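1. have a look; sequence and predicted model below, questions after that.
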Amino acid sequence: MRLYSLSVLYKGDPKVHLLKAAYDVSTFNFFQRSSVQEFMTFTSQLIVERSELGSRASVKEQEYLCHVYVRNDGLAGVVVADNEYPQRVCFTLLDKVLDEFSRQVSKIDWPSGSPATISYAALDGYLSKYQVRLPRD
């Protein structure tokens, strides 16, 4: 069971843009990591774009499950996980992250924000904390 990415996006009009993201691509071949990360970013944006405000969904994309939550205010979160990771835990994580993000980052900054301009450092910690570590043989 594994989490690969955790993203916060803004579903604006006319397009969706990434505000902040954390990735764990350590299980991939070194030469694949950047393309896997790009795929996750692109897929997250596409899923948010196709989701309605106020909706939650789980979408299968290749061997991943993408869990998306788009709030009524346009703030959205996406978790990319493997097929075994519990859906309920993903949505609990998204609720927590989006609530905290909306308290720490002013709503005025959402439409024009980018990963470089948004100051919110908790995503890497959440990605690590919610990672299921399997014991090694």
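-> That came through fine.
2. switch to C-alpha atoms for all contacts and neighbour counts from now on
-> Fine.
3. can you tell me the distance between the two ends of stretch 107-122?
-> Its first and final residues considered, stretch 107-122 spans 18 Å by CA to CA, to the nearest Å.
4. contacts for that stretch next, please.
-> For stretch 107-122, the external contacting residues (CA atoms under 8 Å, 6 or more residues apart in numbering) are Tyr10, Gly12, His17, Leu18, Leu19, Lys20, Ala21, Leu75, Phe101, Gln104, Val105.
5. the strands in the chain, which residues?
-> Ranges of strands in the chain, per DSSP state E, are 3-11, 16-23, 55-61, 64-70, 75-82.
6. most packed of those strands?
-> Ranked by mean neighbour count, the strands of the chain are led by strand 75-82 with a mean of 26 (mean count of other CA atoms under 10 Å).
7. Glu49: neighbour count?
-> Counted by other CA atoms under 10 Å, the residues lying close to Glu49 total 21.
8. ignore the last one, Phe31
-> Quick note: Phe31 (other CA under 10 Å) scores 8 neighbours.
9. quick one, what contacts it?
-> With contacts defined as CA under 8 Å, 6+ apart, Phe31 has no neighbours.
10. how about the one 4 residues further on?
-> By CA under 8 Å, 6+ apart, the contact set of Ser35 is empty.
11. at 10 Å what do you get?
-> Listed by CA atoms under 10 Å, 6 or more residues apart in numbering, the contact set of Ser35 reads Thr41.
12. could you measure from it over to Asn29?
-> According to CA to CA, Ser35 stands 11 Å off from Asn29.
13. related to what we said a few turns ago, reformat the contacts of stretch 107-122 as CSV; add distance to Gln62 and pLDDT.
-> As requested, these are exported to CSV (distance: CA to CA, whole Å; pLDDT from 0 to 100):
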residue, distance to Gln62, pLDDT
Tyr10, 24, 97
Gly12, 27, 88
His17, 23, 93
Leu18, 22, 96
Leu19, 24, 96
Lys20, 23, 97
Ala21, 20, 96
Leu75, 25, 97
Phe101, 29, 97
Gln104, 34, 96
Val105, 33, 95
